[in-house]
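Undergrad: Please work out how this folds:
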Amino acid sequence: MSTQTLPKPDTRPEGTDGTDDDAPKMFHYVRKNKIAESAVMGTHVVALCGEVFPVTKSAKPGSPVCPDCKKIYDGLKPGD
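TA: Okay, the predicted model is just below:
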């Protein structure tokens with residue numbers, strides 16, 4: 001009796017490669033209550049800078065932030 005090793009199947013989702021090219025170049029400020037809705041329902045959100053997009057990734061500490069969003073956010077009064 002002989003033993004044979006089977007090749008390990010590629011379990012990555014179709015169309016995915018080892019690089020993360022679909023990662024956002026920068027993250028935007030969005031109303032907190034709209035983030036979960038967008039992630040679950042697939043609806044689009046509007047960032048402070050006006051960019052419209054569906055939420056697909058969450059920012060990690062140190063992630064680059066849109067300079068326009070940051071400028072607008074820093075100019076808001078607490079509670080706005």
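
Undergrad: Name the residues of the helix or strand of the chain with the lowest mean pLDDT that are buried.
TA: Across the helices and strands of the chain, mean confidence by mean pLDDT, DSSP states H and E is lowest for helix 32-41: a mean of 88. Residues of helix 32-41 classed as buried by neighbour count (16 or more other CB atoms under 10 Å): Ser38. Backbone N, C-alpha and C define where each C-beta goes, glycine included.

Undergrad: What lies in contact with the helix or strand following that helix?
TA: Using DSSP states H and E, the helix or strand that follows helix 32-41 in sequence is strand 44-46. Strand 44-46 has contacts (CB atoms under 8 Å, 6 or more residues apart in numbering) with Val30, Arg31, Lys34, Ile35, Ser38, Val52, Phe53, Pro54, Val55.

Undergrad: swap the cut-off to 7 Å and go again
TA: Residues from elsewhere that reach strand 44-46 (CB atoms under 7 Å, 6 or more residues apart in numbering): Val30, Lys34, Ile35, Ser38, Val52, Phe53, Pro54, Val55.

Undergrad: ok, of the residues you listed, which one's closest to Lys77?
TA: Comparing these against Lys77 with CB to CB places Val30 closest, at 18.6 Å.

Undergrad: can you give me the strands in this structure?
TA: Per DSSP state E, the chain carries strands over the ranges 44-46, 52-54.

Undergrad: Each with direction, which strands does the last one pair with?
TA: When pairs are called by DSSP bridges, strand 52-54 turns out to pair with strand 44-46 (antiparallel).

Undergrad: now the partner strand: mean pLDDT?
TA: Mean per-residue pLDDT for strand 44-46: 93.

Undergrad: Kindly report the same for stretch 63-70.
TA: For stretch 63-70, mean pLDDT is 92.

Undergrad: Report the buried residues of it.
TA: Cys66, Asp68, Cys69.

Undergrad: Please tabulate the residues you listed in CSV, including the columns distance to Val46.
TA: Below are the buried residues of stretch 63-70 laid out as CSV (distance: CB to CB, whole Å):
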residue, distance to Val46
Cys66, 13
Asp68, 13
Cys69, 11
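
Undergrad: What is the burial count for Cys43?
TA: Not Cys; residue 43 is Thr. 11 (other CB atoms under 10 Å).
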